[in-house]
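In: Just the structure for this:
(one chain, ligands or ions: 4)
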Amino acid sequence: MAARSSAMRSLARACGVVRRIHSTRVLADRAKIRAPIADALKVRQPQAMSVPKDMANFDDADMAILHNLGIETDAVIHNARPGTLYDEALRYEKGSAILSTGALAAYSGAKTGRSPMDKRVVEEPSTIDDVWWGTVNMGLSEKSFSINRERAIDYLNTRPRLYVLDGFAGWDPEYRYKIRVITSRAYHALFMHNMLIRPTAEELANFGEPDYTIYNAGAFPANRATDGMTSGTSVSLNFATKEVVILGSQYAGEMKKGVFTIMNYLLPKQGILSMHASANEGEDGDVTVFFGLSGTGKTTLSADENRKLIGDDEHAWTDKGVFNIEGGCYAKAIGLTREKEPEIWDAIRFGALLENVVFDQRTGEVDYNDSSITENTRVSYPLEYIPNVKIPAVGGHPKNIIMLTCDAFGVLPPVSKLTPSQAMYHFISGYTAKVAGTEMGISEPTATFSACFGAPFMVWHPAKYAELLAEKMAKHNVNAWLINTGWTGGAFGSGHRMSLKDTRAIIDAIHSGDLAKAEYENFPRFNLKVPKSCPNVDSQILMPNKTWTDQTEFERMSTKLSALFKDNFEKFKDGCSEDIKAAAPE
Ligand SMILES: Nc1ncnc2c1ncn2[C@@H]1O[C@H](COP(=O)(O)OP(=O)(O)O)[C@@H](O)[C@H]1O
Ligand SMILES: C=C(OP(=O)(O)O)C(=O)O
Ligand SMILES: [Ca+2]
Ligand SMILES: [Mn+2]
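Out: Ligands and ions are numbered 1, 2, ... in the order given. I've put the predicted structure just below:
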């Protein structure tokens, strides 16, 4: 032991870390020797140190971008590489750290999920007749928007350093939009560097003016006295000025979903369907699109070792096929294990951004089970961090469409095959249970119906998206499936979540074609076609009531859920064909 520690000491000395092993006498002498050491160091310094120019160095052109918007600041970090944004975050943003994997940890403050109730769309003449106004798209006056915008700019003006990040939304060059993000936080710039499509050096040189600009002043609250504001958080979109203003939330997801909302306006205007969905492609080039609300499994299930990932959250379907809107993924990190989600796990490395995770200060290892900051811990990473990715992130017309739902009642079957009318019915209904996480204020599963599986991000009436989907599904002869990734064997509280292994096996059977060939039986009340068997899945779990011990309780839940479906559909009945209405549960 003694030999070992003296060996350690000489090793330490050799490495120049003797400082730590000093005696009291050395300490007392320290002041005396400090001056000569400093002199010695000076002598050893090269006279003129040449340091490579870093992206953090900025020029007049970078300053001009902000100057033209009325923002003056000491430093503008424009389109910096991840390493620079790491440096910046570590220096200026409390809590930031490089973790053992090389990923950067960042913290969003009080808001750790989206705030859909604080989102507003400006009521202005050029889009007022296009927007589906209501609880999803809440109007804001042009005046209130300009107050928010000015407040954001005033706040940004108080910051000595600002970050500007340019990127594209949309992998198809024909439908590509230029997005500029202006933010006070390096973490936000790194997030959007990951989530937008990264332009080449040449594309950046020729970037010019952006199509849309996001002002992220999320570190500063909105003024609640502003007309139309109900809290200190505000995400406001203005399609006329092509701007998004964020106040009072630093949750990075607001920016990417802001871009998605813009695309959900612009694309359908040109006859293109935008989809809150993930997508991947098989060996034969067959594309699968997975629709689903937050927490239903889009990100998890689209990362599949046998298929190429196109994208995990936002896609568009044109006459050519599908394209991803984004350049990266934003995966939930809660409960993450390498065993269950290897592709995502391995993507957590240098350049990846971990949001609101708890880690061991000594080892830099993340405790993925720790939800003390939030259930909605996240990691963002560029698409190319997934090994089997499709770049450019485009594919042909889908062969299979999977509608994911996380049914907390434990009623819906793990898989059912939908007729075209049923597919439309379920698309318009958009049923799932919100589980704790992505949205602020949700702590236990709550049944929700969100049209197009993404109402918070849709701008037009759901019928606009539904018509485009119906037309495309008919034209390309697509198979449609409903998959419940939620509860089985009972409702939330008594049953358990469907195993990822079973859900993956079901999806494999869809892709191999085996499930389409299976024998089917009818699932009563919902009239869904359920396969009697599925390779690598216990047939006992396929018919939901068989997994429940209490059949009376199952009937009660099934009746309850079907009533919720019917109530919700009332508001859409008028615009729907008889076929679609007939697809409702009894
Ligand atoms: N059977 C299942 N299918 C899909 N996800 C599951 C399943 N069981 C548990 N999960 C977990 O649920 C979460 C699904 O979230 P995610 O894939 O991020 O959804 P989305 O991308 O649609 O928001 C993940 O944390 C995943 O590990
Ligand atoms: C980032 C989000 O997407 P999802 O939860 O669907 O992955 C979100 O809804 O904020
Ligand atoms: Ca520069
Ligand atoms: Mn996701």
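In: Just list whatever residues bridge to the residue nearest the centre of the chain.
Out: By Cα atoms, centre = their mean, the mean C-alpha position of the chain lies nearest to Tyr330, the distance being 3.9 Å. Tyr330 forms beta bridges with Ser380, as assigned by DSSP bridges.
In: wait, doesn't it sit right on Ser380?
Out: Yes: Tyr330 lies in contact with Ser380 (Cβ atoms under 8 Å); the separation is 4.8 Å. Glycine gets a C-beta too; all of them are placed from N, C-alpha and C.
In: what do the two both touch?
Out: Here Tyr330 and Ser380 share the contacting residues 195, 252, scored by Cβ atoms under 8 Å, 6 or more residues apart in numbering.
In: Let me see the contact set for the residue nearest to the centre of the chain.
Out: Residues near Tyr330 by Cβ under 8 Å, 6+ apart: 195, 252-253, 256, 299, 312-313, 378-380.
In: Out of those, list just those in strands.
Out: 378-380 (DSSP state E).
In: From those residues, pick the one nearest Gly228.
Out: Nearest to Gly228 among the ones in strands among the contacts of Tyr330 is Arg378, at 29.1 Å by Cβ to Cβ.
In: and that closest one, what is it in contact with?
Out: So Arg378 contacts 252-253, 330-333, 354-356 (Cβ under 8 Å, 6+ apart).
In: The residue of the stretch 1-150 of the chain found nearest ligand 2 pairs with what?
Out: Nearest to ligand 2, among the residues of the stretch 1-150 of the chain, is Arg114, at 4.5 Å (Cβ to the nearest ligand atom). For Arg114, the beta-bridge partners under DSSP bridges are Glu439.
In: Quick check, it in contact with Lys256.
Out: No: using Cβ under 8 Å, Arg114 is not in contact with Lys256, being 10.0 Å away.
In: Ala189 and ligand 4: what is the separation?
Out: Separation of Ala189 from ligand 4 (Cβ to the ion, to the nearest Å) stands at 21 Å.
In: And for that residue, the neighbour number?
Out: 27 (other Cβ atoms under 10 Å).
In: out of the contacts of Arg378, who's nearest ligand 2?
Out: For these, the nearest to ligand 2 is Gly253 (3.8 Å; Cβ to the nearest ligand atom).
In: OK, contacts around that closest one?
Out: Counting by Cβ under 8 Å, 6+ apart, the residues that Gly253 touches are 113-114, 330, 378, 438.
In: State the helix or strand in which Leu293 lies.
Out: Secondary structure assigned from DSSP states H and E places Leu293 in neither a helix nor a strand.
In: Excluding chain neighbours, what is closest to it?
Out: Leaving aside its chain neighbours, Leu293 sits nearest to Thr432 (4.4 Å; criterion: Cβ to Cβ, 6 or more residues apart in numbering).
In: From ligand 2, how far off is that neighbour?
Out: Applying Cβ to the nearest ligand atom, to the nearest Å, the value for Thr432 to ligand 2 is 10 Å.
In: Could you pull up the residues touching the closest residue to ligand 4 within the chain?
Out: Using Cβ to the ion, the closest approach of the chain to ligand 4 is made by Thr299 at 3.4 Å. Residues in contact with Thr299 (Cβ under 8 Å, 6+ apart) are 278, 312-313, 329-332, 344.
In: from the contacts of Arg378, which are also near ligand 2?
Out: 253, 330 (Cβ under 6 Å from any ligand atom).
In: Same list (the contacts of Arg378) but as TSV, adding pLDDT and distance to Pro414.
Out: Shown next, in TSV, are those (pLDDT from 0 to 100; distance: Cβ to Cβ, whole Å):
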residue	pLDDT	distance to Pro414
Ala252	98	33
Gly253	98	28
Tyr330	98	26
Ala331	98	22
Lys332	98	21
Ala333	98	25
Leu354	99	31
Glu355	98	31
Asn356	98	31
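In: how about the contacts of Arg378 in a markdown table, adding distance to Pro413?
Out: As requested, the contacts of Arg378 are exported to a markdown table (distance: Cβ to Cβ, whole Å):
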| residue | distance to Pro413 |
| --- | --- |
| Ala252 | 36 |
| Gly253 | 31 |
| Tyr330 | 29 |
| Ala331 | 26 |
| Lys332 | 24 |
| Ala333 | 29 |
| Leu354 | 36 |
| Glu355 | 34 |
| Asn356 | 35 |
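In: how about the residues of this protein near ligand 4?
Out: 298-299, 313 (Cβ under 5 Å from the ion).
In: go again using 8 Å as the cut-off
Out: When proximity is defined as Cβ under 8 Å from the ion, the chain approaches ligand 4 at 278, 294, 298-300, 312-313, 329-332.
In: Sort the residues you listed by pLDDT and name the bottom one.
Out: Lowest pLDDT among those: Ser294, with 94.
In: I'd say that one and Ala433 touch.
Out: No: using Cβ under 8 Å as the test, Ser294 is too far from Ala433 to be in contact (10.8 Å).
In: Count the residues that sit near the nearest residue to Cys329 once chain neighbours are set aside.
Out: Of all residues not flanking Cys329 in the chain, Asp312 sits nearest, at 4.2 Å (Cβ to Cβ, 6+ apart). Using other Cβ under 10 Å, the number of residues around Asp312 comes to 26.
In: From Trp133, how far off is Asp312?
Out: From Asp312 across to Trp133, the span is 30 Å (Cβ to Cβ, to the nearest Å).
In: can you check Lys464 too?
Out: As for Lys464, its distance to Trp133 is 14 Å (criterion: Cβ to Cβ).
In: Neighbour count for those two, which is higher?
Out: Lys464 (18 against 12).
In: Which secondary structure element is home to the residue lying closest to the more buried one once chain neighbours are set aside?
Out: Closest residue in space to Lys464, ignoring its immediate chain neighbours: Pro268 at 5.3 Å, by Cβ to Cβ, 6+ apart. Per DSSP H and E, Pro268 falls inside helix 253-269.
In: Would that helix count as contacting ligand 1?
Out: No: between helix 253-269 and ligand 1, judged by Cβ under 6 Å from any ligand atom, nothing touches; the nearest distance is 10.3 Å.
In: Distance from that helix to the middle of the chain?
Out: With Cα atoms, centre = their mean, to the nearest Å as the basis, helix 253-269 stands 13 Å off its chain's centre.
In: Then stretch 115-124?
Out: Averaging C-alpha positions (Cα atoms, centre = their mean) puts stretch 115-124 19 Å from its chain's average.
In: Over to stretch 392-400?
Out: 20 Å.
In: Mind listing what's buried along it?
Out: In terms of neighbour count (16 or more other Cβ atoms under 10 Å), stretch 392-400 has its buried residues at 393-395, 397-400.
In: Test my guess that Met229 contacts Met138.
Out: No: contact criterion Cβ under 8 Å: Met229 and Met138 do not qualify, at 10.8 Å.
In: picking up where we left off before, ok, and the most crowded of the residues of the chain next to ligand 4?
Out: Busiest of those [other Cβ under 10 Å] is Cys329, holding 30 neighbours.
In: And that residue, how far from Asn194?
Out: On the measure of Cβ to Cβ, Cys329 and Asn194 end up 8 Å apart.
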